[in-house]
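**Q** I would like the atomic coordinates for the input below:
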Amino acid sequence: FAYQEEVTDFPPGSMLAVGTDGIWERLDPEGREYGHDRYVKLFKKHCLGPAKTLVKAVYQDILTFSGDIPEVDDVTLVVVRREAMADS
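**A** Now for the predicted structure:
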C-alpha cells in the first residue's frame, strides 16, 4: 500500500461524510440490506444542515430499519462540514 496525497477543493458550506460498510450492509428483519441508496437520500435531505443532524438521522434510520436484528458489524459515520465564510 502506498500513501498518496491529493488536494481537493472543499468550498465553504460543503459537507463530507465517510462511513463504514456496517451502514450499507445492515439488515432488516426480512434480510434486506440498508444499502447506499437509502443513505444517499438521507444525506441529500440533511446535507445543508449541521453535521450532527445527519449523524443522528442516519443512526435513527438504521435502528428503525433493522428493528430487533442485532448489530454484527460496526456502524461508523464521520461527517465534516466546512462552515461558510463570514462576511467581512
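**Q** can I assume residue 50 is in contact with residue 83?
**A** No. Counting by C-beta atoms under 8 Å, residue 50 does not reach residue 83; the two are 10.1 Å apart. Every C-beta, even on glycine, is put in place using the N, C-alpha and C of the backbone.
**Q** Using just helix, strand and coil, how would you label residue 80?
**A** Taking DSSP: H, G, I helix; E, B strand; the rest coil as the rule, one finds residue 80 in the strand state.
**Q** what sits against the closest residue to it other than its chain neighbours?
**A** Take residue 80 and drop its neighbours on the chain: the residue closest to it by C-beta to C-beta, 6 or more residues apart in numbering is residue 16, 4.7 Å away. Applying C-beta atoms under 8 Å, 6 or more residues apart in numbering, we find residue 16 in contact with 10, 79-81.
**Q** how about the residues you listed, which pair is most distant?
**A** 10 and 79 (13.3 Å; C-beta to C-beta).
**Q** Going by how many neighbours each has, rank the two and give me the top one.
**A** Between residue 10 and residue 79, counting by other C-beta atoms under 10 Å, residue 79 is the more crowded of the two (19 against 11).
**Q** sorry, back to before: for residue 50 and residue 83, indicate the residue with more neighbours.
**A** Using other C-beta under 10 Å as the criterion, residue 50 and residue 83 rank with residue 50 on top: 12 against 8.
**Q** OK, contacts around the closest residue to that one other than its chain neighbours?
**A** Once flanking residues are discounted, residue 50 sits nearest to residue 81: 6.9 Å by C-beta to C-beta, 6+ apart. Applying C-beta under 8 Å, 6+ apart to residue 81 gives the contacts 13-16, 50-51.
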